[in-house]
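Peer 1: model this:
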Amino acid sequence: MEIDADVRQELLSLPKGLAEEVSRNLVMVARLIDEEPERAYAYSRIALRLASRVAAVREAAGFAAYAVQKYSEALAEFRAAKRMTGSVELWPVMADCERGLGRPERALAMAGEPEVQKLDKAGQVEMRLVAAGARRDMGQLDAAIVTLQSPELASNAVQPWTARLRYAYADALLAAGREDEAREWFAKTLEADRDGATDASDRLAELDGVEFVDALDSDEDGDRDEDEFDGQDPAEVARAERASDQAEYYDEDDDEYEPVEQSEADADADAEVAKTEAEAEVDVADENTVVEDEGRDGDKA
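Peer 2: Predicted coordinates:
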């Protein structure tokens, strides 16, 4: 996996050796962020320590933090990247960070800012999805449905955003109790979802009463102790774990910074991140050693 041309151009501002090391860490972030977000986050922290004045590094750090639900940190990094580049392309994900921090009203306010008009079509659709999500966060289901109704939703043309837009609309309809309409839009989602980015097929099957059984599930999974969560609602446990990752984080150069309410510090989580960062540094060091050894072998030849 290679760094794209724009990022390579930004890295030219660094000394060659440093640029190569930063580049290796950014490659690992891109490679791991979908499947192993915690490791991707660790690599992003290394790149950030090496080159915090490079906008591409701040953006990558923002997405890595976003992937592990560290929304305060992600928002600070996205704001830094925006200041450095002057670009508004990160505006929708910045608004979604506000949602993650439990501030949907701020996400809605951002949806009405002039920056939205500067976004390309994909960015405007993304902003619409974030605004609809904020409406749902606030319990405004009907408003969320109306927010998603747009020329892009009505179009029969399939664009990169079509499946996600249709899926969000179907899900909002279902949440509002409009099951027949929801089924129709999940079916339309499936037609547009060429890459399997959504679980529209599963949602359709659920609405049709079809139940799938995974033959590979072990008996151990099937016989899981009902007391596993010690009487706690698993959904509540998940929400608590998510909240623990929202500790306050800010960039000292960020004029827009406003304090957020902090949860109790999660020492175990911090220790785990530090451990992962250390492992990532070892990985990069090992890779550098291999490259150096290959270079010496080449010189001998």
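
Peer 1: which intervals of the stretch 151-300 of the chain have sub-threshold pLDDT?
Peer 2: 212-300 (pLDDT under 70).

Peer 1: How about the helix or strand containing Ala19, which residues are buried there?
Peer 2: Applying DSSP states H and E as the criterion places Ala19 in helix 16-32. For helix 16-32, a neighbour-count test (16 or more other CB atoms under 10 Å) marks 19, 21-30, 32 as buried. From N, CA and C alone the C-beta is placed, and that goes for glycine too.

Peer 1: tell me the mean pLDDT for it?
Peer 2: The average pLDDT for helix 16-32 rounds to 94.

Peer 1: Number the residues from 109 up from this point.
Peer 2: Let's use 109 as the start, then, which means that last one is helix 124-140.

Peer 1: Can I get that helix as CSV, trimmed to CA atoms?
Peer 2: In CSV, the C-alpha atoms belonging to helix 124-140 read as follows (Å, rounded to 0.1, in the frame of the first residue of the first chain):
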residue,chain,number,x,y,z
LYS,A,124,14.3,12.4,3.9
GLY,A,125,14.9,9.9,6.7
LEU,A,126,12.1,11.4,8.8
ALA,A,127,9.7,11.5,5.8
GLU,A,128,10.3,7.8,5.2
GLU,A,129,9.6,6.9,8.8
VAL,A,130,6.5,9.0,8.9
SER,A,131,5.4,7.5,5.6
ARG,A,132,5.8,3.9,6.9
ASN,A,133,3.6,4.7,9.9
LEU,A,134,0.9,6.3,7.7
VAL,A,135,0.9,3.3,5.5
MET,A,136,0.3,1.1,8.5
VAL,A,137,-2.6,3.4,9.6
ALA,A,138,-4.3,3.0,6.2
ARG,A,139,-3.7,-0.7,6.2
LEU,A,140,-5.0,-1.5,9.7
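
Peer 1: Which other helices and strands does the helix or strand following it contact?
Peer 2: Once helix 124-140 ends, the next helix or strand along the chain (criterion: DSSP H and E) is helix 145-158. Secondary-structure packing of helix 145-158 (3 or more CB pairs under 8 Å, 6 or more residues apart in numbering; DSSP states H and E): helix 124-140, helix 163-175, helix 375-408.

Peer 1: Strands of this protein, residue ranges please.
Peer 2: Applying DSSP state E to the chain gives no strands.

Peer 1: quick revisit: which other helices and strands does the helix holding Ala127 contact?
Peer 2: helix 113-119, helix 145-158, helix 163-175, helix 375-408.

Peer 1: For Glu185, give its distance to Leu237.
Peer 2: 21 Å (CB to CB, to the nearest Å).

Peer 1: Looking at the two, which one has more neighbours?
Peer 2: When Glu185 and Leu237 are compared on other CB atoms under 10 Å, the one with more neighbours turns out to be Glu185, at 29 against 21.

Peer 1: My read is that that one contacts Gly170, right?
Peer 2: Yes - using CB atoms under 8 Å as the test, Glu185 is close enough to Gly170 to be in contact (3.4 Å).
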